[in-house]
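# Okay, here's the prediction I keep looking at, along with the sequence it came from:
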Amino acid sequence: MQIELDLTSKIPIYVQIIDQVKHRIATGDLKSGDQLPTVRQLATDLRVNFNTIARAYRMLDEEGLISTQHGRGTYILPPPSEANGEALRRQDIEWLTLHYLNEAASLEYSAEEVKEIVEKFINQWTEGGSPPPEHTD
């Protein structure tokens, strides 16, 4: 499972893991029945403490997104309802927005500068019917 951690971020590692698993579920990258790596395997792959992964998995389990079956592994659960899927989508966009704003702040952009740029692209999206293309510089 591909998880990328930003060790310089103010977002705790376990939260980054939770958010990325939720993102992958929301986008269909992870589907009901898919098996996640073991806690030990993911800790080794990401080079983080075993307890960090265990905490992320425990919180995902408490939210009803995964199920750990002793001796069998950890699996993605089917979404209990359409509302839950929509909630995941909402959390995903909120996480992306917060990540963007934190990165902009760490680069010392002001809230007004960020707002100006975001409004520019939102207006282009609204007028054009689709998001502006990414730069390929």
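Thanks, I have it.
# so where do the strands sit in this structure?
Secondary structure of the chain, counting by DSSP state E: strands at 35-36, 66-69, 73-76.
# partners of the first one, with directions?
Sheet pairing for strand 35-36, assigned by DSSP bridges, gives strand 73-76 (antiparallel).
# Run through the neighbouring helices and strands of the helix or strand bottoming out on mean pLDDT in the chain.
In the chain, the helix or strand scored least confidently by mean pLDDT, DSSP states H and E is helix 82-106, which has a mean of 80. In terms of contacts (3 or more C-beta pairs under 8 Å, 6 or more residues apart in numbering; DSSP states H and E), helix 82-106 is packed against helix 13-26, helix 111-128. The C-beta positions use only the backbone N, C-alpha and C, and glycine is treated the same way.
# redo that, cut-off 7 Å
helix 13-26 (3 or more C-beta pairs under 7 Å, 6 or more residues apart in numbering; DSSP states H and E).
# Please save the CA atoms from the helix it packs on in PDB.
Presented in PDB, the C-alpha positions along helix 13-26 are these (Å, rounded to 0.1, in the frame of the first residue of the first chain):
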ATOM      1  CA  ILE A  13       1.900  10.700  11.400                       C
ATOM      2  CA  TYR A  14      -1.000   8.500  12.500                       C
ATOM      3  CA  VAL A  15      -3.400  11.200  11.200                       C
ATOM      4  CA  GLN A  16      -1.600  11.300   7.900                       C
ATOM      5  CA  ILE A  17      -2.000   7.500   7.600                       C
ATOM      6  CA  ILE A  18      -5.700   7.700   8.500                       C
ATOM      7  CA  ASP A  19      -6.300  10.400   6.000                       C
ATOM      8  CA  GLN A  20      -4.600   8.600   3.200                       C
ATOM      9  CA  VAL A  21      -6.400   5.400   3.800                       C
ATOM     10  CA  LYS A  22      -9.700   7.300   3.900                       C
ATOM     11  CA  HIS A  23      -8.700   9.100   0.700                       C
ATOM     12  CA  ARG A  24      -7.900   5.800  -1.000                       C
ATOM     13  CA  ILE A  25     -11.300   4.400   0.100                       C
ATOM     14  CA  ALA A  26     -13.100   7.500  -1.100                       C
END
